[in-house]
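> Pasted the sequence and its predicted model underneath.
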Amino acid sequence: MSSEQGSKNLGSYLLVAPTLVVVVVFLVLPLLLVLRVSFLHHVPLGYTNQPTLENYGFVFTNEGVRNTLAFTLETASIVTAVSLLLAYPVAYFLARKVKSFTLKTGFLVFLLIPFWIDFTTRSLAWIPWLGTQGIINDALLAIGAINQPATIFLYSSFAMDLVMVQAYTLFMVAPLFISMSKIDPILYEAAQTLRTFLHINLRLTLPGMGIGCVFVFLSSLADFATPKLIGGLVTSIGELIKDNVTFINLPNASAISALVVVIALAVLVLTFRLTHVEQIFE
Amino acid sequence: MADISKYALVVYAGAIGGFVYAPISTMVLFSFNSSSRTVPPFDGPSLNWYNAALGSAGIVDAFTRSLVLGVVTTALATALFTLAGLAYRRSFRGGSFFFYLIAVGIIMPGITYSLGLELFYGNLGIPISLWTALPAHLIWTIPWGLILVRATIDPNMLVYEDAARTLGASEAKVMRHVTLPLFLPAIIGGALFAFTLSFTDLVRSIFVTFPDTLPLEIYSLSQLRVAPDIFAVGSMIVIVSIGLLLLASYFLRGTLRRLSL
């Protein structure tokens, strides 16, 4: 490496250094602290420095934690699958059928709106639609599909799934859109049958699917606010962490958090490997 | 056949658009309801709930705190992601690793991160205030700006810089007259992203903010009751957010164009 190259590299390090300092102090250290506290002994209103595995013992043997975790993983899977199915045709439409750049980006920007506002506003905005006297119940009563208002629409896991799908739509559509935009149109012309067409499209959009699914899955996994606001009696793993903090059992909160992070990392690494995500950056 | 599938796709995309936007538009409508109903029928327009929301000291104070925190977050985050983004004009050893490390701020479950930061302050004996939320907002907003700045980088940029140097421009002049103007749209876009994401953040702030910012305030209010005054606050957040989003996409149109090629 020439000395000129070396000095240019030094410049890059100096530029990125202030951000790295902030990230190490305020992100890496706090996360390591979560890991540390998850191995410490809980006492009322705090913890001692005495190492223990009792928090993990609690996390892995407690039925409530296990059920909550299972329910949250199920929710994240449903939300991810529904998002992918809903988003795929939209991404295809935008990437292949819409010619106008303004229309394409306008639609993508529009899809960002629910994510762009806060959790409370986003969730409560569904009340006029989902309530027992809401628009959907009114419509179903009017056409005679039901005899009395259905209560399952609001404050239910259905409502929670719906709001999560809405919130993260863009993050599924955008990566799919980018990978579809990169497909050479000649490949489509070469595809004579629907089967080859689907084969080409699915194979070449795998990296986009990977990024979209990981983002939606991880966002739903850690979401404590949507279940609390509109999920009714359901409990998510995020709420469990929050309840443990509220009742000042920080070691338990940390152990559950560490488990969530391990699951999140496993999902991330596995999906990125399986879908060859690095191809999207080429 | 091709036409039918195209129309089907248009209708489908329209339906998805409706799904995303319908609840938000009805919320805005019901924020103008003259009665306290949050479900149909709509009882006629009024500004009652806006008056109620703007007359509530709790909501107005929380709004002010969110605004102050948002502005400070934006200033610091923009300075940091701009510097970091400039580093990526050339590839450098560890650059990719640093990028992913910074991006952990987006991917990390927010509630876990907030807990970590609370433990961090607890260990140092720092009492929770509005300013203890600032690092959480920086960690959340910097990666978005960095991604936008990095997406703007184009191999030609270095050619322009070299051309300016060959013509005798000093490093400072190259930076001021060549490099920064090329990055400016992405920097402004990133700054608008930073402000909105800070202004609406709930999850990362939850354990490290006192007193409440606006998203925390309406979150706790909604645990007690759902009334149109929350819809009024929500509608104001929606309008401000959409305005900032449109402004950001105007500045980022060049970056968006590169991505959709």
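Nice, thanks for sending it over. Residues are numbered from 1 along each chain as shown, chains lettered A, B, ... in the order given.
> need the strands for the chain, in chain order.
All of this refers to chain A. A:40-43, A:46-51 (DSSP state E).
> any residue of the first one up close to chain B?
So that's strand A:40-43. No: against chain B, strand A:40-43 shows no contacts by Cβ under 8 Å from any Cβ of the partner chain, the least distance being 10.2 Å. For the C-beta atoms, the positions are set from N, CA and C on the backbone; glycine is no exception.
> Run through the neighbouring helices and strands of that strand.
Helices and strands touching strand A:40-43, as assessed by 3 or more Cβ pairs under 8 Å, 6 or more residues apart in numbering or on different chains; DSSP states H and E, comprise strand A:46-51, helix A:54-61, helix A:250-275.
> The longest one close to chain B?
Yes: contact check for helix A:250-275 against chain B, using Cβ under 8 Å from any Cβ: residues in range are A:250, A:253-254, A:257, A:260-261, A:264, A:268.
> could the helices and strands packed on strand A:40-43 go into JSON lines alongside mean pLDDT and mean neighbour count?
What follows is those, written out as JSON lines (pLDDT from 0 to 100; neighbours: other Cβ atoms under 10 Å in any protein chain shown):
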{"stretch": "strand A:46-51", "mean pLDDT": "92", "mean neighbour count": "12"}
{"stretch": "helix A:54-61", "mean pLDDT": "94", "mean neighbour count": "16"}
{"stretch": "helix A:250-275", "mean pLDDT": "94", "mean neighbour count": "20"}
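> and those as CSV, adding distance to residue A:212?
Listed next are the helices and strands packed on strand A:40-43 as CSV, based on distance: least, Cβ to Cβ, whole Å:
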stretch, distance to residue A:212
strand A:46-51, 39
helix A:54-61, 30
helix A:250-275, 10
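> and of these, who's closest to residue A:201?
helix A:250-275 (14.1 Å; Cβ to Cβ).
> So which other helices or strands are in contact with the closest one?
helix A:29-37, strand A:40-43, strand A:46-51, helix A:54-61, helix A:63-92, helix A:206-221, helix A:237-246, helix B:110-124.
> ok, residues contacting the fourth one?
It stands for helix A:54-61. Residues outside helix A:54-61 that contact it (Cβ atoms under 8 Å, 6 or more residues apart in numbering or on different chains): A:38-42, A:65-66, A:251-252, A:254-256, A:259.
> repeat for the first one
Residues outside helix A:29-37 that contact it (Cβ under 8 Å, 6+ apart): A:47, A:250-251, A:254, A:257-258, A:261, B:108, B:112-113, B:115-117, B:119-120, B:123.
> returning to what we had before: please identify which of the helices and strands packed on helix A:250-275 is closest to residue B:147.
Of the helices and strands packed on helix A:250-275, the one closest to residue B:147 (Cβ to Cβ) turns out to be helix A:206-221, at 12.2 Å.
> List the buried residues of that closest one.
Within helix A:206-221, the residues that count as buried by 16 or more other Cβ atoms under 10 Å in any protein chain shown are A:207-221.
> now do stretch B:105-125
Buried residues in stretch B:105-125, counting neighbours by 16+ other Cβ under 10 Å, are found at B:105-122.
> coming back round to it: quick check, nearest of the contacts of helix A:54-61 to residue B:211?
residue A:254 (25.7 Å).
> Quick check, the closest one in contact with residue B:119.
Yes: taking Cβ atoms under 8 Å as the definition, residue A:254 is a contact partner of residue B:119 at 7.4 Å.
> how close does residue B:194 get to chain A?
With distances taken as Cβ to the nearest Cβ, to the nearest Å, residue B:194 is found 13 Å from chain A.
> and if you look at residue B:110?
From residue B:110 to chain A the distance is 6 Å (Cβ to the nearest Cβ).
> Now that residue: closest residue in space that isn't a chain neighbour?
In space, and not counting its chain neighbours, residue B:110 is closest to residue B:203: 3.4 Å by Cβ to Cβ, 6 or more residues apart in numbering or on different chains.
> hmm, back to that, could you identify the most distant pair in the contacts of helix A:29-37?
For these, the farthest-apart pair by Cβ to Cβ is A:47 and B:108; their separation is 22.1 Å.
> quick one, phi/psi of residue B:108?
Backbone torsions of residue B:108, given as degrees, to the nearest 10, read phi -60, psi 130.
> picking that back up, wait, which of the residues of helix A:250-275 next to chain B is closest to chain B?
residue A:257 (4.1 Å; Cβ to the nearest Cβ).
> my guess is the closest one contacts residue B:108, does it?
No: contact criterion Cβ under 8 Å: residue A:257 and residue B:108 do not qualify, at 10.1 Å.
> same for the lowest-mean-pLDDT helix or strand in chain B, what does it pack against?
In chain B, the helix or strand scored least confidently by mean pLDDT, DSSP states H and E is helix B:253-259, which has a mean of 79. Secondary-structure packing of helix B:253-259 (3+ Cβ pairs under 8 Å, 6+ apart): helix A:101-116, helix B:134-152, helix B:180-199.
> Let me know how buried residue B:76 is, in neighbour terms.
19 (other Cβ atoms under 10 Å in any protein chain shown).
> Leaving out chain neighbours, which residue sits closest to residue B:149?
Sequence neighbours aside, residue B:85 is the residue nearest to residue B:149 in space, at 2.9 Å (criterion: Cβ to Cβ, 6+ apart).
> now do residue A:212
Distance criterion Cβ to Cβ, 6+ apart; nearest residue to residue A:212, sequence neighbours excluded, is residue A:172 at 3.9 Å.
> right, and that neighbour touches residue A:216 too?
Yes: here residue A:172 reaches residue A:216: they are 5.6 Å apart, a contact under Cβ under 8 Å.
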